[in-house]
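Visitor: Provide a 3D model corresponding to the input given below.
(chains A, B and C)
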Amino acid sequence: MFYREAGHFKDNYRADMATFPIREDRIGIITLLLIALVAIPLVHLAGIPPFAGDYFFNAILIPFLILAMAAIGLNLLAGYCGQISLGAGAFMGVGAYAAYNIAIRIPEMPLVLTFLLAGAVSALAGLAFGFPSLRIKGLYLAVATLAAQFFLDWAFLRMAWITNYSPSGSVSAPPLVFAGWHADTPVERYLVVLVFTIVVAWGASNLVRGNLGRQWMAIRDMDIAAEIIGIRPIQSKLTAFAISSFVLGLAGALWAFANLRSWEPYAFSIDRSFQLLFIVIIGGLGSIIGCFLGAAFILLLPLIVDAVPRWLSIPVPAGAGSNITLVVFGALILLTLIFEPHGLARIWGIAKHKLRRWPFPY
Amino acid sequence: MLGIDPTKIAFFAEVLVSGLLSGVLYALVALGFVLIFKASGVFNFAQGAMVLVAGLALVRAFGWLEASMPFWLALPLAIIFAGAVMTGIAWAVERFVLRKLVNQTALTLFMATIGISFVLEGLGQQIFGAQVYKLDLGLPRDNLFALESLFDGGILLNKLDLWSAVLAAVLVAALVIFFQKTRMGRALRAVADDHSAAQSVGIPLTRVWFVVWTVAGLVAIAAASIWGSKVGVQFSLVFVSLKALPVIILGGLTSIPGAIVGGLLIGAGEKLAEVYLGPSVGGGIEQWFAYVVALVVLLVRPQGLFGDRIIERI
Amino acid sequence: MSIRITKLSVLLLSAALCLPAAAEAQENGQFIPVVSYRTGPYAPNGIPWADGIVDYLELVNQRDGGINGVKILYEECETGYATDRGVECYERLKNKGPTGAAFINPLSTGITFALTEKTLVDKIPLITAGFGRSESRDGSVFPWNFPLIGTYWTAADVAIQHIAKELGGTDKLNGRKIVLLYHDSPFGKEPMPVLEVLAKKHGFQLTMIPVTSPGVEQKSQWLQIRQLRPDYVVMWGWGVMNPTAIQEAANVNFPRDKMIGFWFAGAEPDVVPAGAQAVGYKALMLQHGAGRARVHDDLDKYVYGKGLGKAKPADTGGVLFNRGMVGVMLGIEGIRTAMAKYGNKPMTGEQVRWGIEHLALDEKRIKELGFEGMISPVKISCADHEGTRTSRIQQWDGKSWNIISDWYTADEAMLAPLLKEAAARYAKEKGITPRDCSKES
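Guide: As a prediction, this is how the structure comes out:
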């Protein structure tokens, strides 16, 4: 539409392998980053709706970014390596509780390091629960990962040291401080989350283009064939579990520290796992952009379905409203799956393809 | 007996029997999953929502009918009404979802069933109400003591549990006969073996799917009446399906005997674990214990105890 | 590039979300958000509770034309008992109306925990009548939390007092066995510290058995209870866990009149499904139980008479319906107290906080409000955000709840040190310097 992807000539290998080989794409991504990093906070300070209040940051942008990040984590495992996990929420929980424990036990630790360590703890947990994947496959594995979900749910509730012996088992995060900078306001927390999300998205998109990503995809497409051509399934499956859990753990730590602030184990229950799997599948398995599209879809759809009657001033009884939301949400998921089983990312690709030729049909 | 306190043995027997009785119910819910998986390759997460809708339809129709006619007439009519609702759902699912998703991956189909379960939960609660409804099907609820001659004080059993188990066992037997002996059952098995081969010999695929979802719907009615009698018909019936998941992977996704044996194993195993191991670690372990048992079995047999052997070709 | 479109669509959607809100005519009045759950696993309990709240708000508007003439604006938001949806509701509704939300009553312990820090920043009182975190009674550390008319700790003490009375004296507790059967969540774990202290003090043996949420399957728990043969079972349940527990108690021949439910295990949805098995089951009352008072007549006249009621008219006297009314009534009276100081106009959250903190309802005022017999006199202060520590016990006879005890008052001498410790712990963790309550006016 606006530009063609032709006419970009590379004269060295490095340029050819760049993350964004097309100049317009680079401009696009930089503009986008500028909007996200600079323009949105400025608009907020200027007090222009909808960015004026806290609502947009607290209820939409921060959860959106963290869920997108968590979805990237799950997508590495489910979309790229083909190992379906129904325990993603629990690994977010591992990250959250690990970060909490490190932060209160070693308060001197810089928070960034705390988050990374939390991710590492989660990666270890992911490794441990990833071992069955060497033998169990497909739907059997998916259900077996529920063992991780329920065991970890139980551990958060039962092992008192995880919650620092809080009598009720619900904990609240220490303040979000980075080298003396207090991230207290919603916009500041948004920026923190944004930076982490950008780094993860960038890292993940490079990872999947590299050696490891290709190994994962080979395993996903047919693990026996991959083994025959010399890919070690043990190594690649376990790295997928570990790296996926690392990202999930990081997202969980942010979910706890930047979004919820105080939480109970239920925040990382099986519902969260299903939500993440939805994001990944609706967004598109094996697509980083899909994670963002899917997160926006899953997060905003119920809000919009809920809000439409309000805009149109149709009185809906409260109970009926939420039932209708549920029905419409379910129906839209079905429609998306029927219309495009490969997710929003594929729809986006098709749209791009069509626009390239627009207005002439090919 | 080697100096073991007989009351302890009696208690052990009680735990075991209760576990087995629960296991029969798990098997019933698991059967709903297995039927659909066998015939259409769909891992039907909406089974829980189907139990909810079946229960709500049954209890509301029953409550309404009972006001104007005797119990013995109202009950069958209510069951017929619930059956009609479940048939309608089966038809809609086949017509609007399955038919459109032919040849998609198992994962897409799995997700689609979660979508279906949202729709069913929303519609069910909207049409039939989200309150808790008491369901009294006239089953006895009192307790009895068994084997009093063998153990001092006997084993305490509840008649409702016994009747539930009997009902479930009868249903399971009926389903097995349906699958093995009837024309439709053979068609179902043929489809389960190979979709395209079945279609090429003239078995109507869509009708088979419709039938199998209807049967799963009827299983849901049975599960809903049993659980509904115990705890009232309410949204939480949806969670009953989570109890069936370890059962089906333990028994094998494609095996009816697997669902039965798996149900009994999980039922007894989790109760024994909770009662004997639970207190030393703070309790509440039965939920994950069931999954861990299933996981351990899968490590030895990746297709479950009775599942079809997974043969991979390149 | 693709990410840009994502963002763009997010922006457009958000603009769409927020613009109509901004475009709405700002009606003058006091905005009260109603955060409720009418769907999901806890809907059977959430529906009557929310009905009570909404009906009472409507009653105040219809009968009195609002609070001292200031009309109440309200909006209901569905949480499905999920914490993140509750937080979204809170964020959406907190700035509505000319002065923002007057107070918020989240009807869930999980959401309460998540909002405790947010309300502090936004300056909105958090009313948790009968639930929430027990140590938030200490207003010097938790200025914005109001666990009005009964905390979990009060409930735990009253339950043991009643058991002692049934046994014939506190000294009879020695050597007895009491089981706490609890919903495995922060809500269910709240009473533990108090019960542990009491067990040590009175010498009874306390066994705590968790029930994994939601609790549709409790065979193993009740087998354990059968093996243990306790004298009493104290049950901290919510939702489907309660009828299941009663049914399973019947299955193991455990006498239902030796079961004492917490006040969230003592409403109609908890006992009705278990049918005849529930006869004799006892539960704590949060001040009120089921039944009608004068306020219900007003409801019939002003709300149901005009066809504005939410519930079925027959259900208006239910336990949870009354709980909704009492909770929101206390909030409204807090607003009224604030108006006495700041004038009859919509109050801000800060003013409402002052009002609730100085709320005092004596017998006369309770009678005027039509709540006679439903609550005992309440007096809130900076140091005491609970207001009253009394409760009674009710028993289910198969058709209705009957009050079977006098008022019990929780033992302040036992609770106060625990409370101080917990609040101090929280203050230390959060770096809060407690207010000096003696200097508050």
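
Visitor: which one's the longest helix in chain C?
Guide: Looking across chain C with DSSP state H, the single longest helix is helix C:319-342.

Visitor: let me redo that: chain B
Guide: If you go by DSSP H, chain B has its longest helix at helix B:6-40.

Visitor: which strands and helices sit next to the longest helix of chain C?
Guide: Applying 3 or more Cβ pairs under 8 Å, 6 or more residues apart in numbering or on different chains; DSSP states H and E, we find helix C:319-342 packed against strand C:30-36, helix C:43-64, strand C:126-127, helix C:268-271, helix C:349-357, strand C:360-361, helix C:363-369. Using the backbone N, CA and C atoms, a C-beta is placed for each residue, glycine as well.

Visitor: So for the second one, what gets flagged as buried?
Guide: For helix C:43-64, a neighbour-count test (16 or more other Cβ atoms under 10 Å in any protein chain shown) marks C:43-62, C:64 as buried.

Visitor: Likewise for stretch B:131-149?
Guide: B:131-137, B:139, B:141.

Visitor: And stretch B:166-175, by the same measure?
Guide: By neighbour count on 16+ other Cβ under 10 Å, the buried set for stretch B:166-175 is B:167-168, B:171-172, B:175.

Visitor: Switch these over to TSV; also include distance to residue B:36 and pLDDT.
Guide: Shown next, in TSV, are the buried residues of stretch B:166-175 (distance: Cβ to Cβ, whole Å; pLDDT from 0 to 100):
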residue	distance to residue B:36	pLDDT
B:167	21	86
B:168	18	85
B:171	16	86
B:172	16	82
B:175	12	84
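
Visitor: Out of those, which is nearest to residue B:278?
Guide: Distance to residue B:278, by Cβ to Cβ, is smallest for residue B:168 among the buried residues of stretch B:166-175, at 25.6 Å.

Visitor: nearest spatial neighbour of whatever residue of chain C ends up closest to chain B, skipping sequence neighbours?
Guide: Nearest residue of chain C to chain B (Cβ to the nearest Cβ) works out as residue C:273 at 2.4 Å. Leaving aside its chain neighbours, residue C:273 sits nearest to residue B:232 (2.4 Å; criterion: Cβ to Cβ, 6 or more residues apart in numbering or on different chains).

Visitor: quick one: pLDDT of residue B:176?
Guide: pLDDT, residue B:176: 81.

Visitor: what's the spacing between it and chain A?
Guide: 23 Å (Cβ to the nearest Cβ, to the nearest Å).

Visitor: Using the record's assignment, carve the chain into domains.
Guide: Chain wasn't specified; assuming chain A. Per automatic domain parsing, the domain ranges recorded for chain A read A:1-9+A:18-53, A:57-273.

Visitor: you looked at the wrong chain, it should be chain C
Guide: Split by automatic domain parsing, chain C gives C:28-150+C:291-383, C:153-285+C:393-414.

Visitor: Now residue A:18. Its backbone dihedrals?
Guide: Per-residue torsions, residue A:18: phi -60, psi 150 (degrees, to the nearest 10).

Visitor: Which residues are in contact with residue 152?
Guide: Because you didn't say which chain, this covers chain A. By Cβ atoms under 8 Å, 6 or more residues apart in numbering or on different chains, the contact set of residue A:152 is A:87, A:90-91, A:93-94, A:125, A:268.

Visitor: right idea, wrong chain: chain C
Guide: Per Cβ under 8 Å, 6+ apart, neighbours of residue C:152: C:131, C:134, C:187, C:190-191, C:194, C:262.

Visitor: where does it land on pLDDT?
Guide: On pLDDT, residue C:152 comes in at 92.

Visitor: same check, this time on the one 10 residues further on
Guide: According to the per-residue confidence, residue C:162 scores 95 in pLDDT.

Visitor: do the same with the one 10 residues further on
Guide: At residue C:172, the pLDDT value in this model is 92.

Visitor: Leaving out chain neighbours, which residue sits closest to it?
Guide: Using Cβ to Cβ, 6+ apart and skipping the chain neighbours, the partner closest in space to residue C:172 is residue C:164 (6.7 Å).

Visitor: do you know how far the closest residue to chain A within chain B is from residue B:111?
Guide: Going by Cβ to the nearest Cβ, chain A is nearest to residue B:118 of chain B, at 2.9 Å. Per Cβ to Cβ, to the nearest Å, residue B:118 is found 11 Å from residue B:111.

Visitor: Could you tell me which residues touch both of these two?
Guide: Counting by Cβ under 8 Å, 6+ apart, the shared contacts of residue B:118 and residue B:111 are residue A:333.

Visitor: Which of the two has more residues huddled nearby?
Guide: Taking neighbours as other Cβ atoms under 10 Å in any protein chain shown, residue B:118 and residue B:111 compare with residue B:111 leading, 26 against 21.

Visitor: Check the secondary structure at that one for me.
Guide: Put simply, residue B:111 is helix when judged by DSSP: H, G, I helix; E, B strand; the rest coil.

Visitor: mind checking pLDDT for the nearest residue to it once chain neighbours are set aside?
Guide: Computed as Cβ to Cβ, 6+ apart, the closest residue to residue B:111 that is not its neighbour in sequence is residue A:281, at 4.9 Å. With respect to pLDDT, residue A:281 scores 88.

Visitor: which SSE is residue A:281 in?
Guide: According to DSSP states H and E, residue A:281 maps onto helix A:270-283.

Visitor: hmm, back to that, list the residues that contact the residue nearest to residue B:111.
Guide: A:294, A:337, A:343, B:107-108, B:111.

Visitor: right, and the helix or strand after the longest helix of chain B?
Guide: Downstream of helix B:6-40, the next assigned helix or strand under DSSP H and E is helix B:47-66.

Visitor: Next, report how far that next one is displaced from the centre of its chain.
Guide: Centroid displacement of helix B:47-66 relative to its chain, using Cα atoms, centre = their mean, to the nearest Å, is 16 Å.

Visitor: about what we covered before: dump the contacts of residue C:152 into a markdown table; add distance to chain A as well.
Guide: Formatted as a markdown table, these follow (distance: Cβ to the nearest Cβ, whole Å):
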| residue | distance to chain A |
| --- | --- |
| C:131 | 12 |
| C:134 | 8 |
| C:187 | 8 |
| C:190 | 5 |
| C:191 | 9 |
| C:194 | 10 |
| C:262 | 14 |
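
Visitor: Okay, and which of these map to helices?
Guide: Per DSSP H, the contacts of residue C:152 map to helices at C:187, C:194.

Visitor: Buried only: go through the contacts of residue C:152 for me.
Guide: C:131, C:134, C:187, C:190-191, C:194, C:262.

Visitor: pLDDT and distance to residue B:243 for these - can I get that in a markdown table?
Guide: Converted to a markdown table, the buried ones among the contacts of residue C:152 look like this (pLDDT from 0 to 100; distance: Cβ to Cβ, whole Å):
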| residue | pLDDT | distance to residue B:243 |
| --- | --- | --- |
| C:131 | 85 | 29 |
| C:134 | 87 | 33 |
| C:187 | 87 | 23 |
| C:190 | 89 | 27 |
| C:191 | 91 | 28 |
| C:194 | 94 | 33 |
| C:262 | 92 | 26 |
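
Visitor: out of the residues you listed, which touch chain B?
Guide: The subset of the buried ones among the contacts of residue C:152 lying close to chain B, counting by Cβ under 8 Å from any Cβ of the partner chain, is empty.

Visitor: So which residues on the stretch 101-250 of chain A come close to chain C?
Guide: Residues of the stretch 101-250 of chain A lying near chain C (Cβ under 8 Å from any Cβ): A:104, A:154, A:157-158, A:167-170, A:172, A:174-175, A:184, A:201.

Visitor: what's the first-to-last distance across stretch C:306-316?
Guide: 15 Å (Cα to Cα, to the nearest Å).

Visitor: where's the residue of chain C closest to chain B relative to chain A, distance?
Guide: Look at residue C:273 and chain A: by Cβ to the nearest Cβ, they are 20 Å apart.

Visitor: Tell me which helix or strand in chain B has the weakest average pLDDT.
Guide: strand B:143-146 (a mean of 74; mean pLDDT, DSSP states H and E).

Visitor: Show me the strands in the stretch 101-250 of chain C, by range?
Guide: Per DSSP state E, counting those that start in this stretch, the stretch 101-250 of chain C carries strands over the ranges C:126-127, C:145-146, C:177-183, C:205-211, C:232-236.

Visitor: All set now, cheers.
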